[in-house]
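> fold the stuff below for me.
(one chain, ligands or ions: 1)
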Amino acid sequence: MLDCAIIGAGPAGLTSLEYLARFHRRAVALGAGAPKPRLLFIDRTYNLPGYPEGVKGQVLLRRLRQQAEAMGGTVRASMAQRIEGANGDFTVHLQRGKPLQARKIILAMGVRDRRPDIPDIERHDGHFLRYCPVCDGFEHTGKRLGILGSGPSVARHALFLQTFSNHITIFLHGHSPDTLGRYRKTLAEKGIEVHAARVVKIIDGKREDAADPDSNYAGAGVCLEDGSEYPLSVLYGALGCDLRLEPVAHLGLKLDEDGYIITDVNQETSVPGMYAAGDLVSQINQISVAFGQATVAAVRIHNSLDDEE
Ligand SMILES: Cc1cc2nc3c(=O)[nH]c(=O)nc-3n(C[C@H](O)[C@H](O)[C@H](O)COP(=O)(O)OP(=O)(O)OC[C@H]3O[C@@H](n4cnc5c(N)ncnc54)[C@H](O)[C@@H]3O)c2cc1C
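Reported below is the predicted structural model:
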């Protein structure tokens, strides 16, 4: 029986694995490689404390895994399909192979970003198409920024983008400006342009001014269905994301109104003995937040196992 099965091997999963391994707990983190951890979409992050020169997502992921394994933690390239049982005796059914038994669980499966339906958009993912101005808006200060989405949420995102630039354009991608509701007036007052037509193409172009010279910014703007073109430094997607909750969908975990897992201050969910960390929990989807939540969960689990022994 494992002390803890960690579902996910991104920053949250690997951090909790490292801590538990350092407490000499038997812990396994599942999910290396597939589905693709969000870190692998990051060219280079510049806002992670301690890395003034930035760090590539791929490099960070490798180092987190190396560190957790060096302490004795195990990472397995297996997908969890369904989790059953209760505190002290959980069973994790895998897509392939024998189920795992574990006394505690940490959920760290992250989220899936919703991509806009624009032809060939995949190759722009994480480059020209971005999701997180909190992460990289600074690198695009003063540039032409586009934001794609609809409803009050895209309006709020556009207003936040003004932190970085005065050249903001909203692309409603086929939705009516009426979806912006009371924000329409504010956006007009702030000089934020709004276009309702669908985006049908990303204009190709190798950017000379890319924040990271290693990155392949193969995008220079968007073309709308009416033929108009808009040069942009980046296009932010504001379509939201889906939580990877499949293995626990049947458990009735308490979620907030946006669908994120509610935990207590120790990261324990509404199911006793089941903890959650990272993008599944907080709407501030940040690596440093994932580190912190994973640390709290691991320490709490270690102490509670001690109490139960
Ligand atoms: C383009 C982009 C740029 C970003 N830039 C920054 C930045 O500059 N700074 C910053 O702080 N944050 C940034 N972020 C956000 C950051 O990547 C996330 O906050 C962070 O990766 C969350 O970590 P996580 O461990 O919760 O999830 P993830 O990193 O997504 O890891 C999830 C893990 O769960 C596994 N998994 C999923 N389902 C299962 C299953 N059923 N069974 C087993 N395993 C499973 C996956 O394989 C993966 O290993 C960016 C995100 C994107 C998309």
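> which bits of the stretch 1-150 of the chain sit near the ligand?
Within the stretch 1-150 of the chain, the positions near the ligand by Cβ under 6 Å from any ligand atom are 7-13, 30-31, 34-35, 37-39, 41-42, 45, 47-48, 79-80, 108-110, 113, 126, 130-132, 135-136. From N, CA and C alone the C-beta is placed, and that goes for glycine too.
> show me the residues you listed that map onto helices.
The helices, defined by DSSP state H, take in 11-13, 135-136 from those.
> so which of those wins on neighbours?
Tallying neighbours with other Cβ atoms under 10 Å puts residue 12 at the head of these, with 36 neighbours.
> give me the phi and psi for the residue lying closest to that one once chain neighbours are set aside.
Closest residue to residue 12 apart from its sequence neighbours, by Cβ to Cβ, 6 or more residues apart in numbering: residue 278 at 2.9 Å. Taking degrees, to the nearest 10, you get phi 90, psi -150 for the backbone angles of residue 278.
> which stretches of the stretch 101-250 of the chain have low pLDDT?
206-218 (pLDDT under 70).
> indicate the residue of it located nearest to the ligand.
In the stretch 101-250 of the chain, no residue comes nearer to the ligand than residue 110, which is 2.6 Å away by Cβ to the nearest ligand atom.
> roughly how far apart are that residue and residue 221?
Using Cβ to Cβ, to the nearest Å, residue 110 is found at 30 Å from residue 221.
> follow-up on the earlier one: is the residue of the stretch 101-250 of the chain closest to the ligand in contact with residue 7, as I believe?
No - using Cβ atoms under 8 Å, residue 110 is not in contact with residue 7, being 10.0 Å away.
> among the residues of the stretch 1-150 of the chain next to the ligand, which are in strands?
Using DSSP state E, the subset of those located in strands is 7, 30, 80, 113, 130.
> which one's more surrounded, residue 110 and residue 221?
Each of residue 110 and residue 221 has its neighbours counted (other Cβ under 10 Å); residue 110 has more, 27 against 18.
> and the nearest residue to that one once chain neighbours are set aside, helix, strand or coil?
The spatial neighbour of residue 110 that comes closest, neighbours along the chain excluded (Cβ to Cβ, 6+ apart), is residue 279 at 4.6 Å. Under the three-state scheme (DSSP: H, G, I helix; E, B strand; the rest coil), residue 279 adopts helix.
> residues contacting residue 279?
12, 38, 110-111, 241, 243, 285, 290 (Cβ atoms under 8 Å, 6 or more residues apart in numbering).
> got the residues you listed as TSV, with distance to residue 121 columns?
Putting the contacts of residue 279 into TSV (distance: Cβ to Cβ, whole Å) gives the following:
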residue	distance to residue 121
12	27
38	17
110	20
111	18
241	15
243	22
285	20
290	26
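> now what about stretch 135-143, what contacts it?
Counting by Cβ under 8 Å, 6+ apart, residues outside stretch 135-143 touching it are 42, 45-47, 130, 145, 161, 163-165, 167, 209, 211-212, 232-234, 286.
> make it 7 Å
Residues outside stretch 135-143 that contact it (Cβ atoms under 7 Å, 6 or more residues apart in numbering) are 45-47, 130, 161, 163-165, 167, 211, 233-234.
> just the buried ones from these?
Neighbour-count burial (16 or more other Cβ atoms under 10 Å) applied to the contacts of stretch 135-143 gives 45-47, 130, 161, 164-165, 167, 211, 233-234.
> okay, the residue of the stretch 201-309 of the chain found nearest the ligand: pLDDT?
Closest residue of the stretch 201-309 of the chain to the ligand, Cβ to the nearest ligand atom: residue 278 (2.1 Å). With respect to pLDDT, residue 278 has a value of 97.
> list the contacts of it.
Contacts of residue 278 (Cβ under 7 Å, 6+ apart): 10-12, 108, 110, 290, 293-294.
> those residues into JSON lines, with extra columns for distance to residue 153?
Rendered in JSON lines, the data for these read as follows (distance: Cβ to Cβ, whole Å):
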{"residue": "10", "distance to residue 153": "25"}
{"residue": "11", "distance to residue 153": "25"}
{"residue": "12", "distance to residue 153": "25"}
{"residue": "108", "distance to residue 153": "26"}
{"residue": "110", "distance to residue 153": "20"}
{"residue": "290", "distance to residue 153": "23"}
{"residue": "293", "distance to residue 153": "24"}
{"residue": "294", "distance to residue 153": "28"}
